[in-house]
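>>> Make a model of this:
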Amino acid sequence: MNEEEQNGFRDFVTARMAPLRNLAYVACGDWHIAEDAVASTLAKLYPRWRRVDRPDLYAKKMVLRAVIDESRRPWRRERPASDALPESQQSDLAGGVDEKLRMRTALLRIAPRQRAVLVLRFYLDHSVEETADILGCSTGTVKSHGARGLARLRELLGTDHITSSEHLTSRRS
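Predicted structure coming up:
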């Protein structure tokens, strides 16, 4: 890789690191896993930098795949005994924080592929076709995962009005 390409990669990482971390966090709900997903994505992107036409879409796709793959690992399914203890929730005077936490908790209870579709479609405002391209699946799969994910989200939140991106704007909790 020549110096110009290295500078282009550095500029890309500088500009896209925070949005990629936020995307990964929204998809998995854990800053450590999000940072690992972004780091592994950038490590895979570097040697392919010359051949990638749209590095922004490639990076989004790889981050979401890394998050999904990480959720499939056997040790991620194990939960410490302390997770079973009930959490005491106190109302926050700041208003929207409680709703963001409630939405984040509900999103984390949805299957990873469905969550990825919801994040891409409603949080990042991608079309069905773009979402299918990023996830490497058909548009029908995106539509069915989206419908099932929204149905599960409605069930978890107890409402029938979760269809717009304004409900998925828990960028930083």
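>>> can you map out the helices along the chain?
Along the chain, counting by DSSP state H, helices occupy 3-28, 31-48, 55-71, 74-77, 96-108, 112-118, 128-135, 139-157.
>>> Tabulate those in a markdown table, adding columns for mean pLDDT and mean neighbour count.
Bear in mind the C-beta positions are built from the backbone N, C-alpha and C, glycine included. Listed next are these as a markdown table, based on pLDDT from 0 to 100; neighbours: other C-beta atoms under 10 Å:
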| stretch | mean pLDDT | mean neighbour count |
| --- | --- | --- |
| helix 3-28 | 91 | 16 |
| helix 31-48 | 91 | 16 |
| helix 55-71 | 88 | 20 |
| helix 74-77 | 57 | 8 |
| helix 96-108 | 82 | 16 |
| helix 112-118 | 93 | 24 |
| helix 128-135 | 93 | 18 |
| helix 139-157 | 93 | 17 |
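>>> tell me the contacts of the residue nearest the centre of the chain?
Compute the mean C-alpha point of the chain, and by C-alpha atoms, centre = their mean the closest residue is A27, 2.3 Å away. Neighbour list for A27: 34, 63-64, 67-68, 112, 115-116, 119 [criterion: C-beta atoms under 8 Å, 6 or more residues apart in numbering].
>>> Please give me every residue in contact with the spatially closest residue to H126 that is not a sequence neighbour.
Distance criterion C-beta to C-beta, 6 or more residues apart in numbering; nearest residue to H126, sequence neighbours excluded, is L120 at 4.7 Å. Neighbouring residues of L120 by C-beta under 8 Å, 6+ apart: 60, 64, 126, 130-131, 134-135.
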